[in-house]
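*Asks:* let me see the structure of the following:
(2 chains)
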Amino acid sequence: MSAKPKLAWYWAASCGGCDISTLAIDDKVLQVAEAFDIVFWPCVMDGKTSDVEAIDDGGIAVTLWNGAVRSSEHEHMARLLRRKSRALVAFGSCAHEGCIPGLANDTTRDAIFAAAYLDSPSTANPQRVLPRTETDVPEGRLALPAFYDTVKTLDQTVPVDAYLPGCPPEAERIWDALQALISGAAIPPGAVIGAETTVCDECKRTRSEKKIGAIKRTWQVIPNPETCLLEQGLLCAGIATRAGCGARCPGVNSPCIGCYGPNAGVEDFGARYLAGVASVLDADTPEDVDRIIKAGIPDPVGTFYRFSLPGSLLRRAARR
Amino acid sequence: MTDHAHDHDHPFEPKIVGFLCNWCSYRAADLAGTARIKYKPNIRVIRLMCSGRVDPAFVLKALARGADGVMVAGCHPGECHYLVQNYKTIRRFQLLKHTLAALGVEDARVRLQWASAAEGQLLADAINDMVEKVRALGPLEWPHRWREDNGLDRLDAEVTLEDARLGPPHPEERAREVRP
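*Replies:* Residues are numbered from 1 along each chain as shown, chains lettered A, B, ... in the order given. Have a look, this model is predicted:
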């Protein structure tokens, strides 16, 4: 057996993009394999939960976890890998803040099941069968993980040592984090690996005084490539979003959508973003403000909490 | 389902967090006090220099931690001690309300109230009105919304009921919420 420190990767409620972004570090992945004994990585190699169970508690140096926690299986794995790992890193927006899977917190398990198994136009389910955690068949009892009503972030499930934001984290930032791990540098507890400023600071567009009389949707305009997108009436989340991506989206004429999460010191991404947008609206009465926002922001939760609903202060919408 | 039992012995008393500006609305509350104008004790007043200081996160945090409603009070438009900051309050408040409505928080739970330093009676009436409207809506109990029986033990990193509430827990609740 090698004496190299053990490294594990896991994915829960995620799309696989974090793993793809990891492989975008290219041949440097070989340096990772040199430095670490990769014991578990479902995306790229075969492995069983029992292999993880067989490792001593604390026997894994670092686990990089991507994905939100939306089922009892995810929770089981989070607890198992937490117990086995000396450090657990929330890798990517899903683990950090809930991300796109977390938008399920705008609705309920019942509504999701109805949409997925009963009401969708391509579904034929005359017996109205829904997933159940236990089903008795002649061969015995079959089990499925429980599907939670509320998606959770990783640190709402188990303690987390550090965070790597982004949907997905940019490969350069992943390599920064891996280099730190390879060098054995101590990661301060609770650290968010990345910049401590906003996307605006990395954005090359020219900015001037902001006053927005109407909010435009991206399909309505071809933006001027030189000036601030927010000043052009497009909702750009750069004002509230942590830097680290190099302002890639504004760089290609597309507004920032906030995947890197809140800047350092901000507790609630959506609150910061909406406060910033509201401040520059060109309206002084509630009626005028409402006219602008009701026309321009039909989906405030999807706009302000696109990547962070489970990680927000309210975590979810009320169950209606 | 709710963990809070409100019955004859423990009737529901709304908890309202009030963010009042130093120059007008807090003085209105002071005036109500010196003029012996009574208002419901359900409001917990936090004085800020300006209603424009109210970060929407303050409102969300109050609701998330157990408040049943939040009042933001400031100087009338045109009378702000800092000239125009209460216009920013209007904009932020409307956008916050738009977002809260989408999240299913009832309209009456969050209120923006103008009150000049001379309007003690107006502020007291507004507080009383809000308390009764929130009382009619019932408890918000937001901390309980993500607590479901998911078939597993309580979570290590989850906020406890105690730190999720403004006040000490009801004794019955304390007994029920035994941490692992």
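
*Asks:* all strands of chain A, in order?
*Replies:* Per DSSP state E, chain A carries strands over the ranges A:6-11, A:37-40, A:60-66, A:69-71, A:85-91, A:134-137, A:140-143, A:147-152, A:162-164, A:191-192.

*Asks:* tell me the spacing between the closest residue to A:Pro225 other than its chain neighbours and A:Glu226.
*Replies:* Spatial nearest neighbour of A:Pro225, excluding adjacent residues (Cβ to Cβ, 6 or more residues apart in numbering or on different chains): A:Asn253 at 5.5 Å. In short, each C-beta sits where N, CA and C put it, glycine included. Look at A:Asn253 and A:Glu226: by Cβ to Cβ, to the nearest Å, they are 10 Å apart.

*Asks:* of the two, which one has the most company?
*Replies:* Between A:Asn253 and A:Glu226, counted using other Cβ atoms under 10 Å in any protein chain shown, the more crowded position is A:Asn253 (14 against 8).

*Asks:* may I have the phi/psi pair for that one?
*Replies:* When read as degrees, to the nearest 10, the backbone of A:Asn253 gives phi 70, psi 30.

*Asks:* pull the contacting residues for it.
*Replies:* A:Ile222, A:Pro223, A:Pro225, A:Leu229 (Cβ atoms under 8 Å, 6 or more residues apart in numbering or on different chains).

*Asks:* in chain B, where is pLDDT below threshold?
*Replies:* Chain B contains residues with pLDDT under 70 at B:1-5, B:146-180.

*Asks:* quick one: the strands in it?
*Replies:* With DSSP E as the definition, chain B shows strands at residue ranges B:16-21, B:43-48, B:69-74, B:110-114.

*Asks:* can I get these in TSV with mean neighbour count and distance to chain A?
*Replies:* What follows is the strands of chain B, written out as TSV (neighbours: other Cβ atoms under 10 Å in any protein chain shown; distance: least, Cβ to the nearest Cβ, whole Å):
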stretch	mean neighbour count	distance to chain A
strand B:16-21	25	13
strand B:43-48	16	15
strand B:69-74	28	12
strand B:110-114	22	8
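
*Asks:* turn those strands into JSON lines, including distance to A:Glu134.
*Replies:* Putting these into JSON lines (distance: least, Cβ to Cβ, whole Å) gives the following:
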{"stretch": "strand B:16-21", "distance to A:Glu134": "44"}
{"stretch": "strand B:43-48", "distance to A:Glu134": "47"}
{"stretch": "strand B:69-74", "distance to A:Glu134": "42"}
{"stretch": "strand B:110-114", "distance to A:Glu134": "43"}
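
*Asks:* what residue is smack in the middle of chain B?
*Replies:* Nearest residue to the geometric centre of chain B (Cα atoms, centre = their mean): B:Val70, 2.7 Å.

*Asks:* how far away is it from B:Pro11?
*Replies:* B:Val70 is 21 Å from B:Pro11, by Cβ to Cβ.

*Asks:* same question for B:Gly120.
*Replies:* 28 Å.

*Asks:* again with A:Ala275
*Replies:* Taking Cβ to Cβ, one finds A:Ala275 at 36 Å from B:Pro11.

*Asks:* who has more neighbours out of those two?
*Replies:* A:Ala275 (22 against 8).

*Asks:* wait, isn't that one in contact with B:Val59?
*Replies:* No. A:Ala275 lies out of contact with B:Val59 (Cβ atoms under 8 Å); the separation is 10.5 Å.

*Asks:* quick one, phi/psi of whichever residue of chain B sits closest to chain A?
*Replies:* Going by Cβ to the nearest Cβ, chain A is nearest to B:Gly104 of chain B, at 3.0 Å. As for B:Gly104, its main-chain torsions (degrees, to the nearest 10) stand at phi 90, psi 20.

*Asks:* relative to B:Ala102, how far out is the one residue in the stretch 1-150 of chain A that gets nearest to chain B?
*Replies:* Nearest residue of the stretch 1-150 of chain A to chain B (Cβ to the nearest Cβ) works out as A:Thr150 at 4.3 Å. Distance check for A:Thr150 against B:Ala102: by Cβ to Cβ, it reads 17 Å.

*Asks:* neighbour count winner among the two?
*Replies:* A:Thr150 (24 against 19).

*Asks:* pretty sure that one sits against A:Arg316.
*Replies:* Yes. Using Cβ under 8 Å, A:Thr150 makes contact with A:Arg316 at a distance of 5.3 Å.

*Asks:* how about the nearest residue to residue 23, chain neighbours excluded?
*Replies:* All of this is about chain A. Closest residue to A:Leu23 apart from its sequence neighbours, by Cβ to Cβ, 6+ apart: A:Val29 at 6.5 Å.

*Asks:* um, chain B though
*Replies:* Excluding the flanking residues, the one nearest B:Trp23 by Cβ to Cβ, 6+ apart is B:His81, at 4.0 Å.

*Asks:* how many residues are close by the one you found?
*Replies:* 15.
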